[in-house]
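**Student:** Okay, here's the prediction I keep looking at, along with the sequence it came from:
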Amino acid sequence: MARRAPILDWYARHGRHDLPWRATRDRWAVLTSEVMLHQTQVARVERAWPEFLARFPTPAAMADAGPAAVIRAWDRLGYPRRARHLHDAAVVIAATGWPDDLRTLPGVGRYTAAAVAAQADDADVPAIDVNIRRVVQRVVGGRLGDRAAEDAMIRVGAPLRGRDRLLALMDVGALLCRARDPQCGACPLRRRCATRGPLPDEGTRRQGAFRGSFRERRGRVMAALRAGPTPSAELDAEALASLVADGLAVVRGGRARLPG
DNA sequence: AATGCGGGGGC
DNA sequence: GCCCCAGCATT
């Protein structure tokens, strides 16, 4: 008779069951949380998401509010293209319903489509984010592409499936199997783990300094536009042009403003 | 496969 | 200072 898998017990006791978006299985609520979590730490999203969802509780509500309201509500969360894409996705959903393939929605890729299906519908699909990739790579003992990581996720997460598999492995990655200072002694996977610590090369992506970067310049223009329409002459022209190209700003009559 | 894309938390 | 963060779109 097989023993109860350690990850079941660990997840029941130590999983982040307190995270606000885990209290819902509403697709729209889950989607908004997932988009907000793209490259943004859980602690920040915890603070911002409840108010954001209350403001845009349904796709129709967001579609009706228009892109400017969504971009403004996004505030300083970063990557404002996410807000633009989310609004555009809301327009599609409000008009024609949820598509069969969520990846057809703007701003929704392989990970997010699977993560929404698993959490909202308990679909038995794997989804690889930075946390789960780190966990399964360390357990297996080497770098894995998306497909191989998904296969490994199913094996490593067994007997969990669907929603619980996703969330349990996410929590292991975030709380124990961390990029820095992993807590292997407390890990439910340690007996099957090939590495028990960071891989020799986990290939963390480098990002240039934010200070003095073009991204910072874009950010400054976005901050001005969130505050209100601004004469173009007062703004960084290159950064503004880049924002216009991304659908995050419009210029008319020498004044720049948020779109919509 | 490699870049660009915010902004902030934590050390 | 540097590293990291529930990715996606584009090239």
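**Tutor:** Now that the structure is in, tell me what you want to look at. Numbers count the residues shown, from 1 in each chain, chains lettered A, B, ... in the order given.

**Student:** Return, as residue ranges, the portions of chain A with sub-threshold pLDDT.
**Tutor:** Applying pLDDT under 70 to chain A flags residues A:1-3, A:203.

**Student:** Point out the residues in chain A that sit beside DNA strand C.
**Tutor:** Taking Cβ under 7 Å from any atom of the strand as the contact definition, chain A meets DNA strand C at A:16, A:19, A:21-22, A:33-34, A:37-42, A:79, A:85, A:103, A:106-113, A:115, A:129-131, A:134, A:167, A:170-171, A:174, A:178-180, A:204-207, A:209. Glycine gets a C-beta too; all of them are placed from N, C-alpha and C.

**Student:** Check those residues for burial and list the buried ones.
**Tutor:** A:19, A:21, A:33-34, A:37-38, A:42, A:79, A:85, A:106-108, A:111-113, A:115, A:129, A:131, A:134, A:167, A:170-171, A:174 (16 or more other Cβ atoms under 10 Å).

**Student:** Need phi/psi at residue A:181.
**Tutor:** Main-chain torsions, residue A:181, degrees, to the nearest 10: phi 60, psi 60.

**Student:** Extract the CA atoms of the helix ranked longest in chain A and return them as CSV.
**Tutor:** As assigned by DSSP state H, the longest helix anywhere in chain A is helix A:81-96. Only the C-alpha atoms of helix A:81-96 are listed here, as CSV (Å, rounded to 0.1, in the frame of the first residue of the first chain):
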residue,chain,number,x,y,z
ARG,A,81,0.6,46.9,-22.0
ARG,A,82,-0.9,44.3,-19.8
ALA,A,83,-3.7,46.6,-18.9
ARG,A,84,-4.3,47.5,-22.5
HIS,A,85,-4.4,43.8,-23.5
LEU,A,86,-6.7,42.9,-20.6
HIS,A,87,-9.1,45.6,-21.7
ASP,A,88,-9.0,44.3,-25.3
ALA,A,89,-9.6,40.8,-24.1
ALA,A,90,-12.6,42.0,-22.1
VAL,A,91,-14.0,43.5,-25.2
VAL,A,92,-13.7,40.2,-27.0
ILE,A,93,-15.2,38.2,-24.1
ALA,A,94,-18.1,40.7,-23.6
ALA,A,95,-19.0,40.6,-27.3
THR,A,96,-18.5,36.9,-28.2
